[in-house]
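Trainee: no sequence on this one, just coordinates:
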């Protein structure tokens, strides 16, 4: 008996529009019993007061409970990434796995997942969070049946953030918090989580990481971590995507690391490794084989892209994360030919400063 | 005696940072006597309360008057386009022309300019404005020594708008105005100006245009017009960029029309016509030959890009024009390899709905 | 048998934080069977893409269904007003009514409610919506047992808006819509709804209203209408608050009309009619008697407040409704001494241009 | 020979609209030779990328140079405070002083000013900035002829901020900066400047202040400091407003400290000390005597106003300073009856946390 991964990309008309997923369930395209995770690109601001993510999470939870027990629904990793700036199109990516009698035919997409314990607010953005996440990634790899970190191509993590109320709770207990700036707490949590991935995948040695390097030493990064923070959870949800000979089916995965926000050539190379010609923009025919494109975006901290000044960090009207998502989505959409792609903001330690990891999931070339 | 065009792309550290231009003048790289126009990408919001444009205009005017008479300074076309969203880099593009003894060697970039007569306020946004602009474009073509409309690749127009006082003056004369909404008058003026370009270039037959189609019938468009409206003028400033065998020097120009915000392949084709290989992203070597990229961006009015929903028109926090500039800049920067490009918002009748014209100015291949 | 109104003002820590209401139910302070309406001030942007309102509505619905049938829960009017700008504090106002054996002692607060049929998208912002709302207000008055329109002090209406998708649906049926600008549709729907209130209360004769006066002729207004538009409903929810000798209990209500955004003296006069001294700011002691303050806010269309220019209508970064809510909340909070007040944006035909109706609900003076 | 202070409050139609001041000069109402300072409320976002302030400063400078030498024009303190949120009206307040033969009649408004040396970027937000400002305040008091700190009612300071470029310059010299977050640098600079005022006025002992208390220990504050940071200067401009028996004329000044954003009663008390009845809102008659109202606004760091949660610090779409200005302006305008008042954001150590100092300048009661 082998396992087979399914990935369904489904448009969403609003944060609570789960009708596309329900239709796929009623049509038999999705077997709800196998749903491991749902990634959502939702249309809020992607920052502290983005309630679209919570709305989506609640709506997905209600939908899942119509098809499974509350306990099983709760076990599904719901990773909502807020912000569909520029032409980015709101959508769900549903990850499903089923047992199958198909024999493996080379390597195929493998999916693992886990949830960590609840993170004490005082640990957020600190080494304790790095360790908690590293342990979680290892658990998710085991869940996927992947033993070699080299076979992991993408690790999606949803991590918590601080609010004024949570800071107050921590301080009432005599704890200190890593920051009292709620927006900054999102970055710190993503940063610590990304370093946790890097440790688990052997990209960075654990002893290189200290509290003061988190969200400051950008020379430390994972090429496969993607972290989003959200107000709606207190623990971490972790999904590992990789390649395994123990899995069957037509889906394959590879990844690339963009060195900056317009560095699309490594993504083109990954597409080619998966059998796309990718000369210029993907043709409509090739576009049909592209199942999902998952990436990160952020404004480089030196305020430049290839030597030219950008203004993202100096704009007090629009958050830098919103600028970066719109811009990087444009660069990637120019490559693949559509904008229903998952670009998540805030790439602290996720790829080099200003760049980020990208995963490509595709149907095997015919 | 032939003429030679110079185009200087110069970074700006702020809307009032004209030091790069002054340095080029003092170095002798720019001869101020030949400055025809300066296009600025300035870092405001590009919308109604964007004072960065006025600040830039005032600063450029003061700078020019240090090098020429007030009258000569006033004759320079200053076209400020607000909004450097995403990674777009604030910069000036200075257009200069000089007489030269060089012989022509094929076609080269030609620059023409003119100002129209003062537009009666009652004509704004109506066919009379279309006709005035069409005549102006023909005059600017003549100024450039271009006779065949096919040799025109880009027409930048700065057009007037209505204010409450101007509406009052028109109505006191018994005229009606096309709108009493001053903000709307900006779009109407850009729309009529773009159609004027289309008529002058033979893209649309004059008899197809009636008052009621202006700013409503998006099937009518120019593939080479770029228009912005400003409160500081009562006439139109027109700059024509084209190709001419009567001009000398290494600069060449071509254009493309994007069908939507990610339609970069026509731009790639234009680059190839100018001798770039443009396989994938421009290489650093090729990038050095790219002098200027001028384009328009807008959110498609049907709320979709290639069938996928975008959220630009439903976002009450960020203006759709800001989303569109960030996104289209990403797509174009992914192609050319840097983001010091000129992406201007508000593209009424300037390219098809959701797309827009793009001009490429380059140094001739070696 | 008489009826008695209860009004509970309860803080909300987030759009989905209904714990305060649940605690009141479990404590016996609220009898869920009597809940007629819940007004929420929720912390989104209050504009088109404000999903916090929908999230709150979904969360309240789930909460109500834990205490009553789905049908009964659906009958509760949930009026979410987005936007807690400035110091405004997110909170719920729960309106409850119970039968009682208490005898009336003068007039007391009376509450009525209804829902209209679903509004065809093509009727939005037109006379057909005015008529639908007027009929609804009469039904809600009947529900409250109020026959004289002079006894009505506040009518809260939640009305629908247009989205691109809804416009598309209407146009696919061959209907026209009153606007294709989604943000503008919110104003048109509020405008038509307010005129519906004015007609029902005899403030404006029905034959004075034509499509072209809706959201243009600001001389037409109701002094008691408060309308919010939201993406989460397709009909209208109507709640009438008034005075009746047939109701018992300690709650009383009065209203005022602010002539502009800082016209607090009529509110002070209403407070005095209800027995407050209201010399300067309400003292902490008097503040305890103030149960709810409900008001509207908007930017005056002439761009002035008492002759001085405001910039709310020219700001392309922050919606005028957000500016106005922050500002008017400041003015009212300066009067009553706290900011847990309900200031709802977009006051088209709700009070004079730039001003708006205010309702005060208080416990009878001891 | 005594001195007499003049204060002219003049509307501005745009950041570069200096016509009102020029008209007053040509009418003889203002003698340009005596202009000491001009405070501007300009309509940008008041944050890092607010170029309206620089545009106003440049425009005022050009205007002044039409009436005096460049050196004299440069000596005028130009304090531009960005952000006219809510109903706040953009305007200039021109402070002028003249020698007079009038004898003093009690105390009158006295004005002093100075500029500090250029602040090294590495000193920003640190004790070195506190000391530089304290010395500056003492110099400005001497310039006003005020010796007793108790006679000082308001100290307006314009202080520098960090940009990415400035941080780079500092770091290139081997200096560290107090923050690499440009928006945060504005707050640090205001904080250190306010503590400098407090030291100069004897409100806080110098030895109580250490680097780590700046912008963290909100128990330290001045009741008379008002600080704005701006991108357009590298030193500090300081204006002291106070009372002196050595000055003549009808203008008088007093101040109040608001304990929170709606604490208008201390301002009412200050108005009464200056002879206003101030029962309820100022009457139109009394309003004519109110020459200028200068205040600060900020969001309280505990996220509450009188126990109720506010959302200003959690809003990633609108800066907390913009929320606070709109709200506090509403509270003050509700008291004085118009909104052409000067509310400046970011009140770190300027009044208690969430509150701030307010100065009232009025014509002596008849």
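Mentor: Sure thing, it's come through. Model, not experiment: these values are computed from the prediction.

Trainee: show me what the helix or strand encompassing residue A:41 is packed up against.
Mentor: Element membership of residue A:41 [criterion: DSSP states H and E] is strand A:35-42. Strand A:35-42 sits against helix A:52-65, strand A:77-82, strand A:91-100, strand A:108-115, strand A:237-244, strand A:342-345, with contacts defined as 3 or more CB pairs under 8 Å, 6 or more residues apart in numbering or on different chains; DSSP states H and E. Where you see a C-beta, it was placed from the backbone N, CA and C, and this is true even at glycine.

Trainee: spatially nearest residue to residue A:223, not counting backbone neighbours?
Mentor: residue A:257 (4.4 Å; CB to CB, 6 or more residues apart in numbering or on different chains).

Trainee: ok, the one you found - contacts?
Mentor: A:223, A:266, A:351-352, A:355-358 (CB atoms under 8 Å, 6 or more residues apart in numbering or on different chains).

Trainee: model confidence for the spatially most central residue of chain A, exactly?
Mentor: Most central in chain A under CA atoms, centre = their mean is residue A:156, positioned 3.7 Å from the mean C-alpha point. Residue A:156 carries a pLDDT value of 96.

Trainee: kindly calculate the angle that whichever strand or helix holds it makes with strand A:108-115.
Mentor: Here residue A:156, judged by DSSP H and E, is contained in strand A:152-159. Counting by axes from the mean of the first three to the mean of the last three CA atoms, to 10 degrees, strand A:152-159 lies at 20 degrees to strand A:108-115.

Trainee: could you point out which element follows the strand or helix carrying the residue nearest to residue A:223?
Mentor: Secondary structure from DSSP H and E places residue A:257 in strand A:251-258. Sequence-wise, the next helix or strand downstream of strand A:251-258 (DSSP H and E) is helix A:265-273.

Trainee: and that next one, which residues are buried?
Mentor: A:265-268, A:270-271 (16 or more other CB atoms under 10 Å in any protein chain shown).

Trainee: nearest spatial neighbour of the closest residue to chain B within chain A, skipping sequence neighbours?
Mentor: Residue nearest to chain B within chain A (CB to the nearest CB): residue A:330, separated by 2.4 Å. Counting by CB to CB, 6+ apart, the nearest residue to residue A:330 once its immediate chain neighbours are dropped is residue B:330, at 2.4 Å.

Trainee: next, count neighbours for the one you found.
Mentor: Neighbours of residue B:330 under the rule other CB atoms under 10 Å in any protein chain shown: 37.

Trainee: now the one 3 residues further on
Mentor: The burial metric for residue B:333, expressed as a neighbour count using other CB under 10 Å, is 32.

Trainee: what's near enough to touch it?
Mentor: A:261-262, A:305, A:327, A:330-331, B:87, B:339, B:341.

Trainee: same thing but at 6 Å, please
Mentor: A:262, B:339 (CB atoms under 6 Å, 6 or more residues apart in numbering or on different chains).

Trainee: tell me the pLDDT of it.
Mentor: Reading off the model, residue B:333 has pLDDT 98.

Trainee: how about residue A:232?
Mentor: 75.

Trainee: state the distance from it to residue A:55.
Mentor: Applying CB to CB, to the nearest Å, the value for residue A:232 to residue A:55 is 9 Å.

Trainee: before we move on, what about residue A:73?
Mentor: If you go by CB to CB, the gap between residue A:73 and residue A:55 works out to 16 Å.

Trainee: pLDDT weak spots in the stretch 151-300 of chain A?
Mentor: Across the stretch 151-300 of chain A, no stretch falls below the confidence threshold (pLDDT under 70).

Trainee: one more time with 90, if that's ok
Mentor: Across the stretch 151-300 of chain A, the ranges flagged by pLDDT under 90 are A:163-165, A:180-184, A:186, A:228-233.

Trainee: who are the contact partners of the residue of the stretch 1-150 of chain A found nearest chain D?
Mentor: Residue nearest to chain D within the stretch 1-150 of chain A: residue A:47 (3.0 Å; CB to the nearest CB). By CB under 6 Å, 6+ apart, residue A:47 lies in contact with A:319, D:316.
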